[in-house]
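**Q** Any chance you could fold what I've pasted below:
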Amino acid sequence: MPRVGDMRDPDGSTSTDAVGRDMVRVPGGEYLMGSERHYPEEAPAHRVRVDGFSIDRHPVTNAEYAAFVTATGYETVAERQLDPVDYPGVPEELLVPGSLVFQGTSGPVPLDDPARWWAYVPGARWQEPLGPGADAGELADHPVVQVACEDAEAYAEWAGVSLPTEAEWEYAARGGIEGAAFTWGDEDVQDTEPLANTWQGGFPWQNSLLDGWLRTSPVGSYPPNGFGLSDMAGNVWEWTADWFGPRHPEDQARACCAPEKPRGARREESFDPAQPGIRIPRKVVKGGSHLCAPSYCLRYRPAARSAEMIDTATSHIGFRCVIRGSGGPKRS
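**A** Numbering: from 1, shown residues only. Model prediction:
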């Protein structure tokens, strides 16, 4: 991997960031956002325009997040006591600090109930993403996980950067390839010659490990996209700054010209209509993860998007950051 501090410009040259962030400069431009060929929440496909920005070459790692926690003493959402008022109907034994951990099943199961393979694990947190005492191995160069949206935002504020908008994230993920299904083109090669960390086999019980990893992988383990960015497909989902809506805004699709710097839905539109009793807003996560498989979640694609409650930390969601304009990050 390039050394920390290198920032590649579009012409392939490098420059050194003032505080040592490893970032790639992405030129502004217009592109076709979304897709009409896959899941309904990705439609309508529409043209948008974004300004130039710099984006982390890879997701924020455990080592990078540890530097933030050491400097600030920050306590993540998964480490805090839960308030019963915020979680009506949740059993008392689950109202303890912890987070969601993927636990594969022993055989095939119906794919309409994620509770079959997700478990709330008391004590699971970013330092111990699988739970207390779990052997997580050497994860310093893996993406940090078990971070809720505000945990990612807190890191970004400390580092003098921001979470990307959905439009910025998708533009960067496409790497200059217009309208392609994947970051590398239109052919899905994950079951033959994997180019990302995803699930190969029968989800959620049988993983052939063709890509070499059951859970997260070190950042930069696979070839970068056309902009030089790693892990824009698979490994971990990534938080964005935008509220989730069930479709891209129709007014953007109908606009005569490509909207400038588009944003997503309003906060009040992001609540889950299937859970009217839980008023927790949701933000867009992008990129898919090591749990994505064609049979269940073909979302290791730039256009793919999913909704995540902002208080939720899981073993497959992380983040990366951006700097808008031509300036560099400044820490106070």
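**Q** roughly how far apart are H248 and P262?
**A** Look at H248 and P262: by C-beta to C-beta, to the nearest Å, they are 8 Å apart. Backbone N, C-alpha and C define where each C-beta goes, glycine included.
**Q** Neighbour count for these two, which is higher?
**A** H248 (25 against 22; other C-beta atoms under 10 Å).
**Q** Grab the nearest non-local neighbour of that one.
**A** G34 (5.1 Å; C-beta to C-beta, 6 or more residues apart in numbering).
**Q** if I pick that neighbour, what's in contact with it?
**A** Listed by C-beta atoms under 8 Å, 6 or more residues apart in numbering, the contact set of G34 reads E42, A43, P44, A45, H46, H248, A303.
**Q** Over to the closest residue to the second one other than its chain neighbours. Which of the three states is it?
**A** For A43, the nearest residue in space outside its immediate sequence neighbours is E36; the separation is 5.3 Å by C-beta to C-beta, 6+ apart. Following DSSP: H, G, I helix; E, B strand; the rest coil, the label given to E36 is coil.
**Q** Let me see the ranges of the strands in this protein.
**A** 6-8, 14-16, 23-26, 29-33, 46-50, 53-56, 98-102, 118-122, 237-243, 282-286, 305-309, 317-318, 322-324 (DSSP state E).
**Q** Deepest-packed of the ones you listed, please.
**A** strand 317-318 (a mean of 28; mean count of other C-beta atoms under 10 Å).
**Q** what residues are shared contacts of H248 and P262?
**A** Common neighbours of H248 and P262 (C-beta under 8 Å, 6+ apart) are M33.
**Q** Report pLDDT for the nearest residue to Y300 once chain neighbours are set aside.
**A** The shortest distance from Y300 to any non-neighbouring residue, by C-beta to C-beta, 6+ apart, is to G288 (3.5 Å). Confidence at G288, expressed as pLDDT, is 98.
**Q** Spatially nearest residue to A119, not counting backbone neighbours?
**A** Q103 (5.0 Å).
**Q** Who are the contact partners of the one you found?
**A** W117, W118, A119.
**Q** Now do the closest residue to the first one other than its chain neighbours, the pLDDT please.
**A** Put plainly, it is W117. Nearest residue to W117 in three dimensions, chain neighbours excluded: P204, at 4.1 Å (C-beta to C-beta, 6+ apart). Listed pLDDT for P204 reads 98.
**Q** Spit out the contact partners of P204.
**A** So P204 contacts F102, G104, T105, V109, R116, W117, L291, Y296 (C-beta under 8 Å, 6+ apart).
**Q** do S306 as well
**A** When contacts are counted by C-beta under 8 Å, 6+ apart, S306 touches E41, W237, F244, V284, V285, K286, R299.
**Q** What about the first one, how many residues nearby?
**A** The criterion is other C-beta under 10 Å. On that basis, E41 has 18 neighbouring residues.
**Q** Show me the helices in the stretch 151-300 of the chain, by range?
**A** For the stretch 151-300 of the chain, the helices defined by DSSP state H, counting those that start in this stretch cover 166-174, 250-254.
**Q** Give me whichever of the ones you listed is most buried.
**A** By mean count of other C-beta under 10 Å, the helices of the stretch 151-300 of the chain have helix 166-174 as the most buried, with a mean of 26.
**Q** which ones are touching the residue nearest to V90 when sequence neighbours are not counted?
**A** Of all residues not flanking V90 in the chain, P84 sits nearest, at 7.5 Å (C-beta to C-beta, 6+ apart). When contacts are counted by C-beta under 8 Å, 6+ apart, P84 touches V90, E92, L95.
**Q** got any ranges where the stretch 51-200 of the chain has weak pLDDT?
**A** Within the stretch 51-200 of the chain, the ranges that satisfy pLDDT under 70 run 135-136.
**Q** hmm, try it at 90
**A** Within the stretch 51-200 of the chain, the stretches with pLDDT under 90 are 82-95, 133-138.
**Q** my guess is P132 meets G123, correct?
**A** Yes. Contact criterion C-beta atoms under 8 Å: P132 and G123 qualify, at 4.0 Å.
**Q** out of the two, which sits in the busier spot?
**A** Set P132 next to G123 and count neighbours by other C-beta under 10 Å: G123 wins out with 16 against 12.
**Q** Contacts only, for the more buried one.
**A** P97, G98, G131, P132.
**Q** Of those, which is the nearest to L139?
**A** Closest approach between the contacts of G123 and L139, by C-beta to C-beta: G131, at 13.8 Å.
**Q** so that closest one sits right up against A124, yeah?
**A** Yes. The criterion here is C-beta under 8 Å, and G131 meets it with A124 at 4.5 Å.
**Q** Extract the CA atoms of stretch 96-108 and return them as CSV.
**A** The C-alpha coordinates for stretch 96-108 follow below in CSV (Å, rounded to 0.1, in the frame of the first residue of the first chain):
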residue,chain,number,x,y,z
VAL,A,96,-26.9,-3.5,28.2
PRO,A,97,-23.9,-2.1,26.2
GLY,A,98,-23.2,-4.2,23.2
SER,A,99,-23.8,-4.5,19.5
LEU,A,100,-24.8,-6.7,16.6
VAL,A,101,-22.5,-9.6,15.5
PHE,A,102,-23.0,-11.8,12.5
GLN,A,103,-23.3,-15.5,13.5
GLY,A,104,-23.6,-17.9,10.6
THR,A,105,-26.2,-20.7,10.7
SER,A,106,-25.5,-24.4,10.6
GLY,A,107,-27.5,-24.9,7.4
PRO,A,108,-29.8,-23.3,4.9
